[in-house]
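Enquirer: sequence plus the predicted model coming up.
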Amino acid sequence: MINSRQRAQLRGLANRIEAIFQVGKGGTSTEMCAQIDNALEARELIKISVLESCGTPVREVAGEVASATKAEVVQVIGRRFVLYKPSRDHKTIVLVK
């Protein structure tokens, strides 16, 4: 569980990154969640975009993906959300205490 200072730090880092996944009308699948988990292992912090054709609300999609990948939802803004999961092997982000 991350605290508010760590969340603020991660939000600042997320400003510079682009969305690397898009969730469309098919919603989320186990294959997509597996790919997101692999991306989280490599990058620790990723941004995901939810297309308007997806019938599920963005916060609900963020919660589903976060629970499937055991990640933390850092932020939901508009149709995008940011996930964080500390990497086991490629630790690059050092969180404040």
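Expert: Received, thanks.
Enquirer: got the buried residues for stretch 52-61?
Expert: By neighbour count, and taking 16 or more other CB atoms under 10 Å as the criterion, the buried residues in stretch 52-61 are 54, 58, 61. In short, each C-beta sits where N, CA and C put it, glycine included.
Enquirer: next: stretch 35-42.
Expert: In terms of neighbour count (16+ other CB under 10 Å), stretch 35-42 has its buried residues at 36-37, 39-40.
Enquirer: repeat for stretch 64-82
Expert: 65-66, 68-69, 71-76, 79-82.
Enquirer: just the ones of the buried residues of stretch 35-42 in helices?
Expert: Per DSSP state H, helices hold the following members of these: 36-37, 39-40.
Enquirer: how far away from the center of its chain is stretch 10-28?
Expert: 6 Å (CA atoms, centre = their mean, to the nearest Å).
Enquirer: and the contacts of that stretch?
Expert: Contact with stretch 10-28 is made by 2, 32, 35-36, 39, 45-51, 53-56, 61, 64-65, 68, 74-75, 80, 82, 84, 93, 95, as judged by CB atoms under 8 Å, 6 or more residues apart in numbering.
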